[in-house]
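**Q** okay, here's the prediction I keep looking at, along with the sequence it came from:
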Amino acid sequence: MSKGAEAIAALRAGRAVGIGAMTVAAVETATDDFLGLLDPNGRAALVLSGARAAALGLANQRDSASSREPVLIERAPWLDAATVRGLVDAGRDFDRFGPGPLQTGTLEDPGAAQAALALARRAGLMPALWLLGADTALRLSQDEALAAARPAQVTIAARAILPVDTLDIAAQVVAMRAEEDGSEHVALLVGAPGGRAPLTRLHSECLTGDVFGSLKCDCGPQLKAALRLMAEDGGGILLYLRQEGRGIGLANKIRAYALQDRGLDTVEANQRLGFADDERDYALAAAMLRALGISEVRLLTNNPAKLAGLEAQGIAAERVAHRLPANPHNAHYLAVKAAKSGHLD
Ligand SMILES: Nc1nc2c(ncn2[C@@H]2O[C@H](COP(=O)(O)OP(=O)(O)OP(=O)(O)O)[C@@H](O)[C@H]2O)c(=O)[nH]1
Ligand SMILES: [Zn+2]
């Protein structure tokens, strides 16, 4: 297992990770017992994303204009572990009185803090960390942490034939593993793509839409339509990218949905949780295509970032529009993506 994969697993398991000279653990997963051992006097400060600090009303205490800059929150005697967990949970922002007053402080190494938050985001956790005074055996450089948060190299792990109920031509499934973080991604080869630029879809994982048929988004219909169009075209490539929730992870997507239940739109909800509106990049998708020997695609998408992301990695991509009819539950979501995220018609 790579060091990056180990660090992500450690954060998910509530254990400590060293990044640069700092030692952190995720607020979401670190238990009281663990904190009792590594921070017996309750002195550990907190590291939050800039966006989250702004949502907590701390913008006036910050000297940086960038909402991506991480923020250190000093520990106070009243700020116990349970209060901290409530503080970082955006669902509580609608409570009448939030905890406070909070005091921001100076981060010794903002770059390492940024890398640590990036790793927590990649782990699918809330971007909120305890800053521990203890040392730890698992320590990454800032660059190692950033590489694990943005994997860009894959190896093929296995491939097999896969009969699919909606396809009347043969398909092959290829499992790949990202070297930097150990995550698994899948390519479905429909028919025998090859020769000219194959019809291709980069599909970001959406458990709720792909499996349950959620009407909040258009993922399920887009997935089915893409496979049908590929079969009609004689072949194609579907990359199933494990970028649940535009890269924020399943639990965070459900948190974003809860905020949408309270009136925020899809972009505002991500930001309130301390994420960019879209945390995805497509370097890994390009690496998957390269591993399949593909350097040119016709891409089924309305998202210009997917085209630009592949082009930046040297994969020539021509757009094929992929718009499906809206329903009463996803019409607003699709309109917000067009207005705020630059999605094309
Ligand atoms: N954070 C967040 N993610 C969402 C929400 N609704 C859907 N998603 C995720 O958005 C992604 C949608 O992916 P794609 O279908 O590839 O989306 P796209 O960026 O619209 O691009 P194209 O469909 O190619 O035009 C999936 O990972 C979904 O889980 C939401 O409200 N919040
Ligand atoms: Zn979806």
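**A** Sure thing, it's come through. Residues are numbered from 1 along each chain as shown. Ligands and ions are numbered 1, 2, ... in the order given.
**Q** what strand or helix carries His185?
**A** Remark: His185 resides in strand 184-191, with elements defined by DSSP states H and E.
**Q** what comes into contact with that strand?
**A** Contacting residues not belonging to strand 184-191 are listed as 154, 157, 162, 164, 167, 169-178, 227, 230-231, 234-242, 284, 288, 292 [C-beta atoms under 8 Å, 6 or more residues apart in numbering]. The way it works is simple: take the backbone N, C-alpha and C, and place the C-beta from them, glycine included.
**Q** neighbouring strands - and their directions - for that strand?
**A** Strands that pair with strand 184-191, judged by DSSP bridges, come out as strand 171-178 (antiparallel), strand 235-241 (antiparallel).
**Q** mind listing what's buried in the shortest one?
**A** In other words, strand 235-241. Of the residues in strand 235-241, those buried by neighbour count under the rule 16 or more other C-beta atoms under 10 Å are 235-241.
**Q** how far does the helix or strand following that strand sit from its chain's centre?
**A** For strand 235-241, the following helix or strand on the C-terminal side (DSSP H and E) is helix 244-247. Taking C-alpha atoms, centre = their mean, to the nearest Å, one finds the center of helix 244-247 at 5 Å from the center of the full chain.
**Q** from Ser295, how far out is the residue nearest to the spatial centre of the chain?
**A** Among the residues of the chain, the smallest C-alpha distance to the mean C-alpha position (C-alpha atoms, centre = their mean) belongs to Gly247, namely 2.2 Å. To Ser295, Gly247 is 25 Å away according to C-beta to C-beta, to the nearest Å.
**Q** can you pull out the helices in this protein?
**A** Counting by DSSP state H, the chain has these helices, from start to end: 3-12, 32-38, 50-55, 81-88, 110-122, 142-149, 207-210, 219-232, 244-247, 250-261, 266-272, 283-291, 304-312, 331-340.
**Q** which neighbouring elements make contact with the first one?
**A** Packing partners of helix 3-12 (3 or more C-beta pairs under 8 Å, 6 or more residues apart in numbering; DSSP states H and E): strand 17-19, strand 22-26, helix 110-122, strand 139-140, helix 142-149.
**Q** let's have the ones you listed in JSON lines, adding mean pLDDT and mean neighbour count.
**A** JSON lines is the format used below for those (pLDDT from 0 to 100; neighbours: other C-beta atoms under 10 Å):
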{"stretch": "strand 17-19", "mean pLDDT": "98", "mean neighbour count": "26"}
{"stretch": "strand 22-26", "mean pLDDT": "98", "mean neighbour count": "25"}
{"stretch": "helix 110-122", "mean pLDDT": "97", "mean neighbour count": "24"}
{"stretch": "strand 139-140", "mean pLDDT": "97", "mean neighbour count": "20"}
{"stretch": "helix 142-149", "mean pLDDT": "96", "mean neighbour count": "21"}
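**Q** for Leu300, find the nearest of those.
**A** Comparing the helices and strands packed on helix 3-12 against Leu300 with C-beta to C-beta, the closest turns out to be helix 110-122 (26.4 Å).
**Q** tilt between that closest one and helix 250-261?
**A** Orientation of helix 110-122 against helix 250-261 (axes from the mean of the first three to the mean of the last three C-alpha atoms, to 10 degrees) gives an angle of 90 degrees.
**Q** distance between helix 110-122 and the chain's centre?
**A** Averaging C-alpha coordinates over helix 110-122 and over its chain gives two centres that are 13 Å apart (C-alpha atoms, centre = their mean).
**Q** helices or strands up against that helix?
**A** In terms of contact count using 3+ C-beta pairs under 8 Å, 6+ apart, helix 110-122 is assigned the packing partners helix 3-12, strand 17-19, strand 22-26, strand 45-48, strand 128-132, helix 142-149.
**Q** name the residues that touch that helix?
**A** Contacts of helix 110-122 from elsewhere in the structure, counted by C-beta under 8 Å, 6+ apart, are 4, 7-8, 11, 17, 19-22, 24, 26, 47, 49, 68-70, 72, 107, 126-129, 140, 142-143, 145-146, 148-150, 181, 247-249, 274-275, 279.
**Q** alpha carbons of that helix, in CSV - could you do that?
**A** Listed next in CSV are the C-alpha coordinates belonging to helix 110-122 (Å, rounded to 0.1, in the frame of the first residue of the first chain):
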residue,chain,number,x,y,z
PRO,A,110,-0.5,26.8,6.0
GLY,A,111,0.8,24.7,3.1
ALA,A,112,0.9,21.6,5.3
ALA,A,113,-2.6,22.4,6.7
GLN,A,114,-3.9,22.8,3.1
ALA,A,115,-2.4,19.4,2.2
ALA,A,116,-3.9,17.8,5.3
LEU,A,117,-7.4,19.2,4.5
ALA,A,118,-7.0,18.0,0.9
LEU,A,119,-6.3,14.5,2.3
ALA,A,120,-9.4,14.6,4.6
ARG,A,121,-11.5,15.6,1.6
ARG,A,122,-10.1,12.8,-0.5
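**Q** return the per-residue confidence for Arg96.
**A** In the prediction, the pLDDT value recorded for Arg96 is 69.
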